[in-house]
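J.: next one to model:
(one chain, ligands or ions: 1)
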Amino acid sequence: MPNIVNELKLDFKDVLLRPKRSTLKSRSEVNLEREITFKNSRRTYKGIPIMASNMDTIGTFEMARDLSKHGLFTTVHKYYTPEQWKTFAAQNPDCLKNIAASAGSSQGDFERLSEILKSVPEITFICLDVANGYSQHFVEMVRKVRAAFPTHTIIAGNVVTGEMVEELILSGADIIKVGIGPGSVCTTRLKTGVGYPQLSAVLECADAAHGLQGHIISDGGCTCPGDIAKAFAGGADFVMAGGMFSGHDQCAGDLIEKNGKKYKLFYGMSSHVAMEKYAGGVAEYRSSEGKVVEVPYKGDVESTILDMLGGLRSACTYVGASKLKELTRRATFIRCTQQLNNVYST
Ligand code: 5GP
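T.: Just a heads-up that it's a prediction; the model follows:
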């Protein structure tokens, strides 16, 4: 008989943050910067730990440049050539502290990553990203990258359980990317039945990582600034988003005009569009696990950044946290049956 976990696991929508008495006078007093020293690289990071996803429409150089101006981070997608990286680095030296170069787990990815890191030695973060971080092959990739780059900060994922967080940290990763199935353009839960409610994944994985002096990223499932606040409150050191950064000028992809309205194409990295672009189509043995959507055009990403940061500062003020780092300690989650009043939503 299969095991059944009867304990209820939570998504962001299942909880609200309880307000607490506070001495903060204004949300402008809240410090959203964090300073973090990583377990294996021993490097120290300082910045606002919100990240743009390494999806090819989101983790662009344009996004990296503009997010970095506000202290935010971008995991740049893996499809830029070393030459493109060299040009970007020469033109944007200030933003290199807020970016990671990404790779999957193939030998080709390893070679391309090595070439990029050789061409741009100022890059200190590596993002090793696979859909399923549970394979032994991926653990070996993390070990190999750690051996080749002993002082780079390694992000690795995705996983959703404490034991795999520990395994990846002990294999040399510094920050574990947490999330299987919560993404806005993800269909893994639909196609496979596999997944884990994101807030519970964050709570459990943060506990496992912090026990080893490691760190985690909550990746996927944030639909509004309040969800970002809940992810940090749940113990995430970083929060990564794709959909919330989509539709902007800084995103890759053409602007589409339909019936007088503007849209931008946004798709999952396992969607048929991504697979046709990079893998010559969807292989017969697999199904696509990503959606393709046209999102309303949102203009410059700056307004979205300010909305996210404003919401997060306000969340900190409501619970009396003068720094983002204190948000988890000050947080009490209330389980709820309704998060929003949708009477005027379409
Ligand atoms: P979002 O912020 O849009 O909710 O989630 C973004 C995350 O979804 C990405 O960082 C990545 O981990 C995940 N993701 C992106 N594309 C796909 C896909 O095609 N399939 C699945 N299963 N996950 C995806």
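J.: who touches the closest residue to residue 331 other than its chain neighbours in this structure?
T.: Of all residues not flanking residue 331 in the chain, residue 233 sits nearest, at 3.7 Å (C-beta to C-beta, 6 or more residues apart in numbering). C-beta here means a position set from N, CA and C on the backbone, and glycine is covered the same way. Residue 233 is in contact with 17, 315, 319, 327-328, 331, 333, counting by C-beta atoms under 8 Å, 6 or more residues apart in numbering.
J.: just the ones of those residues in strands?
T.: Within the contacts of residue 233, residues falling in strands by DSSP state E are 17, 333.
J.: out of the contacts of residue 233, who's nearest the ligand?
T.: Closest approach to the ligand among these (C-beta to the nearest ligand atom): residue 315, at 18.0 Å.
J.: the closest one: what's it in contact with?
T.: 17, 225-226, 229, 233, 327.
J.: burial measure for the closest residue to the ligand within the stretch 51-200 of the chain, as a count.
T.: Proximity of the stretch 51-200 of the chain to the ligand (C-beta to the nearest ligand atom) peaks at residue 183, 2.6 Å away. Residue 183 is flanked by 28 other residues according to other C-beta atoms under 10 Å.
J.: what's the closest non-adjacent residue to it?
T.: residue 220 (3.8 Å).
J.: what pLDDT is listed against the one you found?
T.: Residue 220 is assigned 98 on the pLDDT scale.
J.: that one: what's it in contact with?
T.: Contact partners of residue 220, counting by C-beta under 8 Å, 6+ apart, are 53, 179, 181-184, 186, 198, 240-242.
J.: can you tell me the element residue 264 falls in?
T.: strand 261-267 (DSSP states H and E).
J.: nope, residue 115 is what I meant
T.: Short version: residue 115 belongs to helix 107-119, going by DSSP H and E.
J.: for the stretch 1-150 of the chain, give me the ranges with low pLDDT.
T.: Counting by pLDDT under 70, not a single residue of the stretch 1-150 of the chain qualifies.
J.: mind listing the strands for the stretch 201-346 of the chain?
T.: Ranges of strands within the stretch 201-346 of the chain are 215-219, 238-241, 255-258, 261-267, 292-296, 333-335, based on DSSP state E, counting those that start in this stretch.
J.: I'd like to know how far the residue positioned nearest the centre of the chain sits from residue 296.
T.: Computing the C-alpha centroid of the chain and ranking residues by C-alpha atoms, centre = their mean puts residue 240 first, at 2.1 Å. Counting by C-beta to C-beta, to the nearest Å, the separation of residue 240 from residue 296 is 22 Å.
J.: what parts of the stretch 201-346 of the chain come near the ligand?
T.: 219-222, 240-244, 268-271, 289-290 (C-beta under 6 Å from any ligand atom).
J.: one more time with 8 Å, if that's ok
T.: Proximity of the stretch 201-346 of the chain to the ligand is confined to 219-223, 240-246, 267-271, 274, 288-291 under the rule C-beta under 8 Å from any ligand atom.
J.: tell me the secondary structure at the closest residue to residue 171 other than its chain neighbours.
T.: Residue nearest to residue 171 in three dimensions, not counting chain neighbours: residue 142, with 4.5 Å by C-beta to C-beta, 6+ apart. Recorded secondary structure, residue 142: helix (DSSP: H, G, I helix; E, B strand; the rest coil).
J.: check contacts around residue 142.
T.: 128, 154, 156, 168, 171-173.
J.: try it again with 6 Å
T.: 156, 168, 171-173 (C-beta atoms under 6 Å, 6 or more residues apart in numbering).
J.: buried sites along stretch 108-128?
T.: Across stretch 108-128, burial judged by 16 or more other C-beta atoms under 10 Å covers 109-110, 112-113, 116-117, 120, 123-128.
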